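Chemist: with the input below, show me the fold.
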Amino acid sequence: MSSPAAALRPVFPGLTERAFEEAAGACGFELGAAQRGAVRVLAAPERRNLYLHGPAGRGKTWLMDVAFASADTEHKRRVHFHDFFPALHAAIFRHHHRLDAALDELVGDLELLCFDEFHVHDVADGVLVRRLLSALAERDIATVLTSNYSPESLLPDPRFHGSFLPAIAEIRERFEVVRVDDGADHRESGLARGGFASGRWIAGDTSGADDESELIRIGDRDVEIGALTAGELRATFAQLCERPLGASDYARLADRAGRWQLTRIPPLETVSAPAAQRFANLVDVAADRGVTIRFGASGSFERLADAPVPPLDLPRTLSRLRSLRGAD
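Modeler: A predicted model of the protein is given here:
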């Protein structure tokens, strides 16, 4: 755990509550009561680890990003959990299962690490998360987490939840836990304008040639897409969601192209469990990376809730899709 001296060192020197109010005004909204509670913690002069949780679209990521931008250090990193965890697994493998060596590679001399969309669904990941949080505390790295889950709701599978209780206790001990649940989903209000929110969902659009394809190198393998030209990616649902791709693959595609056309999306109530989860992962990564997507679909994205096995974190996926221009 951090030493008492380290606990007094500010993470966001000079950050004020007024800065959040001005940033909110520039975005066209006023801070709610729960958001103000989180602001008071973020703007406090003493150092605190912070765990922001609550329903989708309540401004958790926005609060973290405003604070992150203000942090007066070059030794900081803001990362989506979808990106960090595959990288951590790969680094652990490269370093022969030595977590310390893997963290040396990934976090080095960081003073601040911000995780967006923190979650634990898998028991093996739960073991690694506990080791990770302990290692970050030992390295005296200030940590901010956003999550749709309260600490007590992490690893919700009742078969394994008991094994994660010590980690929950550590989170409660090491983090200031703040619930952010003001009002309705901000993404549905139309306040979000750029990036992912500037994309479109076109229901009834089944265009897109099935025979258009090319192979591009992603990491250490070839991935089939429709085409990649001038920073724009074209692909079908089958190419990106019905083949064994992961969040790290979508992140690499986002690095190659900031505009996507995803066509021939079938009725989402009919898709398989793996395809539904990949689609949710794709939306997560695209929203985090600011990718603008034109979705050409047979029907409404709301029907994803009626899939035989809806994806994990379904409310967040739907919240993000509802932010799109022309969302049905």
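Chemist: so which helix or strand takes in residue 217?
Modeler: Taking DSSP states H and E as the criterion, residue 217 maps to strand 214-218.
Chemist: mind listing what's buried in whichever helix or strand comes after that strand?
Modeler: With elements assigned by DSSP H and E, the helix or strand that comes after strand 214-218 is strand 221-225. Residues of strand 221-225 classed as buried: 223, 225 (neighbour count, 16 or more other CB atoms under 10 Å). All C-beta spots, glycine's among them, are computed from the backbone N, C-alpha and C.
Chemist: strand 221-225 versus strand 214-218: what angle between them?
Modeler: 140 degrees (axes from the mean of the first three to the mean of the last three CA atoms, to 10 degrees).
Chemist: report all helices and strands that strand 221-225 contacts.
Modeler: The helices and strands touching strand 221-225, judged by 3 or more CB pairs under 8 Å, 6 or more residues apart in numbering; DSSP states H and E, are strand 214-218, strand 232-236, helix 237-241, helix 247-256.
Chemist: which strands and helices lie in contact with the third one?
Modeler: Applying 3+ CB pairs under 8 Å, 6+ apart, one finds that helix 237-241 makes contact with strand 221-225, strand 259-265, helix 273-289.
Chemist: which residues are in contact with it?
Modeler: 210, 213, 224-226, 250, 262-266, 271, 275, 278-279, 282 (CB atoms under 8 Å, 6 or more residues apart in numbering).
Chemist: hmm, back to that, buried residues of the strand holding residue 217, list them for me.
Modeler: Buried, per 16+ other CB under 10 Å, within strand 214-218: residue 218.
Chemist: stretch 157-176 too?
Modeler: For stretch 157-176, by 16+ other CB under 10 Å, it's 161, 164, 167-168, 170-171, 174-175.
Chemist: and residue 12, what pLDDT?
Modeler: Reported pLDDT at residue 12 in the predicted model: 75.
Chemist: ugh, typo on my part, it should be residue 7
Modeler: For residue 7, the predicted pLDDT is 46.
Chemist: where along this protein do the helices fall?
Modeler: 4-7, 17-27, 33-42, 60-70, 81-94, 99-106, 123-138, 165-174, 237-241, 247-256, 273-289, 314-322 (DSSP state H).
Chemist: any buried residues in the second one, and which?
Modeler: Which is helix 17-27. 19-20, 23-24.
Chemist: for it, packing partners?
Modeler: Packed next to helix 17-27, using 3+ CB pairs under 8 Å, 6+ apart, are helix 33-42, helix 60-70.
Chemist: okay, now the domains of the chain?
Modeler: Segmentation of the chain into domains, based on automatic domain parsing, reads 4-183, 187-322.
Chemist: correct me, but residue 232 touches residue 262?
Modeler: No. Checked against CB atoms under 8 Å, the pair residue 232 and residue 262 is beyond contact range at 11.6 Å.
Chemist: pLDDT weak spots in this structure?
Modeler: For the chain, applying pLDDT under 70 flags the ranges 1-11, 47, 183-193, 208-211, 326-328.
Chemist: circling back: among the helices of the chain, which is nearest residue 155?
Modeler: Nearest to residue 155 among the helices of the chain is helix 123-138 (4.8 Å), distances taken as CB to CB.
Chemist: still on that earlier bit, can I get the buried residues of helix 17-27 in CSV including distance to residue 154?
Modeler: Formatted as CSV, these follow (distance: CB to CB, whole Å):
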residue, distance to residue 154
19, 31
20, 27
23, 29
24, 29
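Chemist: nearest to residue 118 among those residues?
Modeler: Distances from residue 118 to the buried residues of helix 17-27, taken by CB to CB, are shortest for residue 20, at 21.2 Å.
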